[in-house]
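**Student:** model this:
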Amino acid sequence: MSFANRKTEFSRIIKPHCQMTSEAVEEQELVLCIGDTTYLDYGKIKAKREGYGPTGNGGNGLILHSALAIAPEQGQVIGLLWQKLWNREAKAKPPQDETAAAKKQRLALARKAARQRLFKDKESYRWVEAL
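**Tutor:** Here you go, the predicted structure:
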């Protein structure tokens, strides 16, 4: 994900913080890694804007997955361990005159393709990738 200033990249901004958190984690006896996905939904803004994609419920925006380090015995947040920002690709709209049979076939093909996709290529992989 890039910003208006081409020299600025999300990963370069977040990397030092995650590195400091990783170092702080080494000093702890017990650490919980809490994962969370946040949908940065900008409403009905068109996905045509650079970097925006569908977030669900007709909205467009970005998706942010974070892994937070917690020291449960101290009741303390250590910091951010990992974070990834991405957008979904917009799906092609089906033809308005699509028949029920054609829709059924299209959805069956989409399900089959999803089952054949490698785990690392699925959105749910973000939960494992953080570890």
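**Student:** low-confidence ranges in the chain?
**Tutor:** Within the chain, the segments meeting pLDDT under 70 span 1-5, 45-51.
**Student:** what about the helices in it?
**Tutor:** Per DSSP state H, the chain carries helices over the ranges 10-25, 100-116, 126-129.
**Student:** show me what counts as buried in the longest one.
**Tutor:** The one in question is helix 100-116. Taking 16 or more other Cβ atoms under 10 Å as the basis for neighbour counts, none of the residues of helix 100-116 comes out buried. Yep, even glycine has a C-beta here, placed from its N, CA and C like the rest.
**Student:** can I get the CA coordinates of it in PDB?
**Tutor:** Presented in PDB, the C-alpha positions along helix 100-116 are these (Å, rounded to 0.1, in the frame of the first residue of the first chain):
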ATOM      1  CA  ALA A 100     -30.900 -18.300 -12.600                       C
ATOM      2  CA  ALA A 101     -29.100 -21.200 -14.200                       C
ATOM      3  CA  ALA A 102     -26.200 -19.000 -15.300                       C
ATOM      4  CA  LYS A 103     -25.900 -17.500 -11.800                       C
ATOM      5  CA  LYS A 104     -25.900 -20.900 -10.200                       C
ATOM      6  CA  GLN A 105     -23.100 -22.000 -12.600                       C
ATOM      7  CA  ARG A 106     -21.100 -18.800 -12.000                       C
ATOM      8  CA  LEU A 107     -21.300 -19.200  -8.200                       C
ATOM      9  CA  ALA A 108     -20.400 -22.900  -8.400                       C
ATOM     10  CA  LEU A 109     -17.300 -22.100 -10.400                       C
ATOM     11  CA  ALA A 110     -16.400 -19.300  -7.900                       C
ATOM     12  CA  ARG A 111     -16.700 -21.800  -5.000                       C
ATOM     13  CA  LYS A 112     -14.600 -24.400  -6.800                       C
ATOM     14  CA  ALA A 113     -11.900 -21.800  -7.500                       C
ATOM     15  CA  ALA A 114     -11.900 -20.700  -3.900                       C
ATOM     16  CA  ARG A 115     -11.400 -24.300  -2.700                       C
ATOM     17  CA  GLN A 116      -8.500 -24.800  -5.100                       C
END
